[in-house]
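Participant: the following block contains a protein sequence and its predicted model.
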Amino acid sequence: MNRYCKVLNKMWLNTLIMVIFATLVAAIYIWKFANISILSGIWAKYYPFLAMMLMIICLFLGNNITAKKIKTLRNEDLTKKLTEYKTIYSKRLKFFSAISLIAVVSMIMFASMYYIIFSILSLLLIIFSRVMSVKVKYELNLTEEEIKKVDKLKIK
């Protein structure tokens with residue numbers, strides 16, 4: 001089980017580093033170089049609403065929809081559980097990092113540090129979605145026998 005969790009945590013760490021790096025680059029750019037907003041007119045009026053809706057959709061898809069998909073895996077065989085869980089977990093991380101991507105783009109377009117709040121929210125969601133063996137065991141409803149078999153399987 002530890003080897004499987006290490007594989008998932010490598011994905012987690014890569015996503016975490018990517019979000020931190022993108023946020024820092026955007027924040028430094030705005031702090032040092034940006035003076036005015038790129039958007040004007042009707043786009044400047046409606047873009048914040050559109051960005052907020054996209055972030056909420058990413059949050060909903062990343063949290064609720066992936067959790068529902070994971071619950072459907074409880075009655076599958078072990079190899080399918082683990083491969084599908086890895087795929088779903090990857091999607092969850094992508095949705096959470098999409099929140100940061102939208103926030104970073106918004107920061108640059110409006111030359112405003114206001115959107116860093118949403119990037120930090122994304123960062124917190126990613127931090128709290130770190131995989132632990134107890135979490136995998138609970139989410140997939142694994143028995144003790146299955147946990148012992150996990151390290152013997154070759155999961156791609």
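Facilitator: Great, that's in hand.
Participant: gap between the nearest residue to Gly62 once chain neighbours are set aside and Lys152?
Facilitator: Of all residues not flanking Gly62 in the chain, Phe95 sits nearest, at 3.0 Å (Cβ to Cβ, 6 or more residues apart in numbering). C-beta: built from backbone N, CA, C; applies to glycine. To Lys152, Phe95 is 31 Å away according to Cβ to Cβ, to the nearest Å.
Participant: give me every residue that touches the residue nearest to Gly62.
Facilitator: Shown in contact with Phe95 (Cβ atoms under 8 Å, 6 or more residues apart in numbering): 58-59, 61-63, 66.
Participant: and the residues you listed, which of them are buried?
Facilitator: Buried by 16 or more other Cβ atoms under 10 Å: 58-59, 61-62, 66, out of the contacts of Phe95.
Participant: redo the residues you listed as TSV? Include pLDDT, secondary structure and distance to Ile38.
Facilitator: Shown next, in TSV, are those (pLDDT from 0 to 100; DSSP: H, G, I helix; E, B strand; the rest coil; distance: Cβ to Cβ, whole Å):
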residue	pLDDT	secondary structure	distance to Ile38
Cys58	95	helix	22
Leu59	95	helix	25
Leu61	93	helix	27
Gly62	93	helix	27
Thr66	93	helix	33
